[in-house]
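[1] based on what follows, work out the 3D shape:
(one chain, ligands or ions: 1)
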Amino acid sequence: MKFREIGKTGIRASVVGFGTWAIGGDPWWDKETKDEDSIAAIQAGLDHGINLIDTAPGYGRGRSELVVGKAITGYDREKLVISTKCGIIWWGNEGAFMMEVGGTKLYRNLEPHSIRTEVENSLRNMKTDYIDVLHTHWQSLPEFPTPISRTMEGLMQLQQEGKIRAIGVSNCDVAQMKEYMEAGRIDVNQPPYSMLNRGIEGEFTNYCLANDISIFAYSPLEQGLLTGNFKKDYEAQPGTYRADFIPWYKKENRVKVIDMLDGWKDIAQKYNATISQIVIAWTYCQPGITHVLCGARHPGHVIENVNAGNIELSAAELTRMRADIEALGAPV
Ligand SMILES: NC(=O)c1ccc[n+]([C@@H]2O[C@H](COP(=O)([O-])OP(=O)(O)OC[C@H]3O[C@@H](n4cnc5c(N)ncnc54)[C@H](OP(=O)(O)O)[C@@H]3O)[C@@H](O)[C@H]2O)c1
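    Residues are numbered from 1 along each chain as shown. Model prediction:
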């Protein structure tokens, strides 16, 4: 497993991280989530070389963090890099209404006192004394009502107290990153990024590279479509995130994606790897992408994904794969 520094923090995290959105059991997913499977999945990741776990209070309204807390019990805390988030609350109605999930109303709040409450809850949920990276959860869509400078004051206070080691943001554009950097220092941004979703390439990745801001790419597998384990006749269930938000799951698009993945079998064979592994390896080799957060709910998937952390694709393979990806064009 390769490890890379997060921003300028000195914290070294595995290039493949474990994403815990699905294990929160939100209705975005099409299968029931069993906590014992989730715990086994996280532990399989840790036992096979991952040290980065990304969670959020919002994933299952605390459930994901509680599962992480159970899974990491007994592991050497100093070796783990725990990343969680703040800014989406459901226990009150202070802030801006965001959306309703599973009958619960979510509000966006990045006032320092609310962040502090969230951090105290996260520490309790995960039975730990500190959080390695705290991200503001969803900066855009629309702006948070709290000015970034005030949010940053609250975050830096928590950092001084040792409750958080590094400050991160997610879904935050370049203008917003600049505002954060004027008020203090962020070491990570967490945007969506995959072969099929490369919107951050260019100004965004260049800004992060120039300022030593790590990029934790989320949804790098497009929720499984890029693993090579989805068949052409897979139909995403209506109402799930796959069906409602990822146009690549539409039949005419997914068939093209799966054909593209099939065309890389020779590369996979060369590394004795699976398609999922070479997709992950391609993703963490892109300029500015320092870490990829792969979600999973079963030990088998995690072990497959973790082993991508050892693959070194050649420059010619990276270029060939990019040419195929670009040839796909936009989804219809
Ligand atoms: N900051 C943010 O706003 C934000 C937003 C989204 C995600 N994230 C983070 O990024 C993480 C990853 O994103 P994601 O969960 O959306 O997407 P992802 O990593 O692209 O896909 C995860 C899903 O793909 C399937 N999968 C994974 N490995 C597989 C394998 N080897 N074979 C077959 N299927 C496999 C699993 O589906 P099943 O579970 O159905 O089997 C899994 O839940 C999240 O967990 C979260 O930590 C952050």
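[2] hmm, the helix or strand residue 82 falls within in reach of the ligand?
    Secondary structure assignment for residue 82, by DSSP states H and E: strand 81-86. No. Strand 81-86 stays clear of the ligand (Cβ under 6 Å from any ligand atom), getting no nearer than 6.6 Å. Every residue, glycine included, has its C-beta placed from N, CA and C.
[3] same for that strand, what does it pack against?
    strand 12-14, strand 52-54, helix 63-72, helix 112-125, strand 131-136 (3 or more Cβ pairs under 8 Å, 6 or more residues apart in numbering; DSSP states H and E).
[4] show me the contacts for the closest residue to the ligand within the stretch 1-150 of the chain.
    Evaluated by Cβ to the nearest ligand atom, the stretch 1-150 of the chain has residue 19 as its residue closest to the ligand, separated by 2.3 Å. Contact analysis of residue 19 by Cβ atoms under 8 Å, 6 or more residues apart in numbering lists 54, 218, 293, 294, 295, 296.
[5] show me which of these neighbour the ligand.
    54, 218, 293, 294, 295, 296.
[6] list the contacts for the fifth one?
    With contacts defined as Cβ under 8 Å, 6+ apart, residue 295 is in contact with 18, 19, 20, 21, 22, 219, 221, 223.
[7] buried ones among these?
    18, 19, 20, 21, 22, 219, 221, 223 (16 or more other Cβ atoms under 10 Å).
[8] hang on, the earlier thing: would a markdown table of the contacts of residue 295 with pLDDT be doable?
    Shown next, in a markdown table, are the contacts of residue 295 (pLDDT from 0 to 100):
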| residue | pLDDT |
| --- | --- |
| 18 | 98 |
| 19 | 97 |
| 20 | 97 |
| 21 | 95 |
| 22 | 93 |
| 219 | 97 |
| 221 | 98 |
| 223 | 96 |
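[9] and the pLDDT at whichever residue of the stretch 201-332 of the chain sits closest to the ligand?
    Residue of the stretch 201-332 of the chain nearest the ligand, by Cβ to the nearest ligand atom: residue 295 (2.4 Å). Turning to residue 295, the model gives it a pLDDT of 96.
[10] would you state the strands of this structure in chain order?
    Using DSSP state E, the strands found in the chain span residues 3-5, 12-14, 16-19, 52-54, 81-86, 88-89, 96-101, 104-108, 131-136, 164-170, 188-190, 214-218, 289-295.
[11] mean pLDDT lowest for which of the ones you listed?
    For the strands of the chain, where the average pLDDT is lowest is strand 96-101, sitting at a mean of 87.
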